[in-house]
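Enquirer: Predicted coordinates and the sequence they were generated for:
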Amino acid sequence: METLKKLSVQELRWHAEEIFRESKARRPPRTECETQRLLHEYEVQKIEFELQNQELRVTIDEMAKVMRGREELEIKIVERTTSLETALREQESFSYSVSHDLRAPLRHINGHLAILAEEFGDRLPPEAHNLIERSQKASRQMVELVDDLLELSRISRVKILNGVVDLSDLAGKVSAALLDEEPQRTVEFIISKDLHAKGDKALLTQVLVNLLGNAWKYSSMNPSARIEFGKGRHSGQEVFYVRDNGVGFDMSYSNQLFGAFQRLHGAEFEGSGIGLATVKRIVERHGGKIWAESKPDQGATFYFTL
């Protein structure tokens, strides 16, 4: 049957006639009824073969269409990915250039204000001194913001040097530095031991500097502040977390947390709004994700995977 399926209808007819002739020579002549039956079977097989060939042609055509569709989709994906990568590089290059060009004028402004206050301070009224101090503070904040933008741009371009990183050790060093900066504060740090992860040590240090720094900042109004760094399970996966008992935030604004220049609190807490955007970019470059859970006045917990 497999051999017959590969023959054309004409070849099948010749083959049937040959078989018929050979059979006729070897066997007694068939009756008219037998001949009709054989012809009927031949016609049935012929129709079946034609139907199978039609189905095969349809299947081949459909497969060809699917393959063409896949190829076209792959080409579009490559084009879109290339376009997005180009746009991202251009955006990062622009951010770096603008930030770099802004630094020098801002430092000059701050320097000139300092000279004005020092050399002409005795001739200026109190109102002028107040304006100079406010201008200096604003220029310093702007310089800090520009520096943060430069850092955010650098993180997007820097090559990741993977290795096994002792996160417990890093967290301990960051917490010690925070306590040294404000020794008058009483803060309990709870840092789990032997927490390790694969990643870039310098970048993961920045993650902990930002997350522990935020926990330090937003728990400053709590006289019994507590900051934890540990590892656990969340929604069935292993995660690292930084938890504090600070002011917290309303989860309805959580979608704004990790955007650049986004801040959920007012001027009572200093900051440029770049820190969490930096953390998110670093975590994503390590193939992980970050999210937060909180309630107002009940602290916040930041979870991240690597």
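Expert: Arrived safely, thanks for sending.
Enquirer: Can you pull the phi and psi angles for residue 197?
Expert: phi -150, psi 160 (degrees, to the nearest 10).
Enquirer: who's in contact with residue 200?
Expert: 160-163, 165, 286 (C-beta atoms under 8 Å, 6 or more residues apart in numbering). C-beta here means a position set from N, CA and C on the backbone, and glycine is covered the same way.
Enquirer: got the residues you listed as CSV, with pLDDT columns?
Expert: Shown next, in CSV, are the contacts of residue 200 (pLDDT from 0 to 100):
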residue, pLDDT
160, 89
161, 90
162, 93
163, 95
165, 97
286, 94
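Enquirer: residue ranges with poor pLDDT in the protein?
Expert: 1-13, 15-32, 34-35, 92, 95-96, 98-100, 261-269, 271-272 (pLDDT under 70).
Enquirer: Identify each buried residue in stretch 139-158, please.
Expert: 139, 142-143, 145-146, 148-150, 152-153, 155-156 (16 or more other C-beta atoms under 10 Å).
Enquirer: pull the CA atoms of that stretch into CSV?
Expert: C-alpha atoms of stretch 139-158 as CSV (Å, rounded to 0.1, in the frame of the first residue of the first chain):
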residue,chain,number,x,y,z
SER,A,139,22.0,74.0,44.2
ARG,A,140,23.4,71.2,46.4
GLN,A,141,20.2,69.2,46.0
MET,A,142,20.4,69.8,42.2
VAL,A,143,24.0,68.6,42.2
GLU,A,144,23.0,65.5,44.1
LEU,A,145,20.2,64.8,41.7
VAL,A,146,22.5,65.2,38.7
ASP,A,147,25.0,62.8,40.3
ASP,A,148,22.2,60.3,40.9
LEU,A,149,21.2,60.6,37.3
LEU,A,150,24.8,60.0,36.2
GLU,A,151,24.9,56.9,38.4
LEU,A,152,21.6,55.6,37.1
SER,A,153,22.9,56.0,33.5
ARG,A,154,26.2,54.3,34.5
ILE,A,155,24.5,51.3,36.0
SER,A,156,22.7,50.7,32.7
ARG,A,157,26.0,50.5,30.8
VAL,A,158,28.4,49.0,33.2
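Enquirer: ok, residue 63 to residue 273 distance?
Expert: To residue 273, residue 63 is 53 Å away according to C-beta to C-beta, to the nearest Å.
Enquirer: Can you report how many residues neighbour the nearest residue to residue 166 once chain neighbours are set aside?
Expert: Sequence neighbours aside, residue 196 is the residue nearest to residue 166 in space, at 5.8 Å (criterion: C-beta to C-beta, 6 or more residues apart in numbering). Residues lying near residue 196 (other C-beta atoms under 10 Å) number 12.
Enquirer: And residue 196, how far from residue 171?
Expert: 12 Å.
Enquirer: From what I see, residue 194 and residue 171 are in contact.
Expert: No - counting by C-beta atoms under 8 Å, residue 194 stays clear of residue 171, with 11.8 Å between them.
Enquirer: Just the buried ones among the contacts of residue 200, please.
Expert: Neighbour counting by 16+ other C-beta under 10 Å classes 165, 286 among the contacts of residue 200 as buried.
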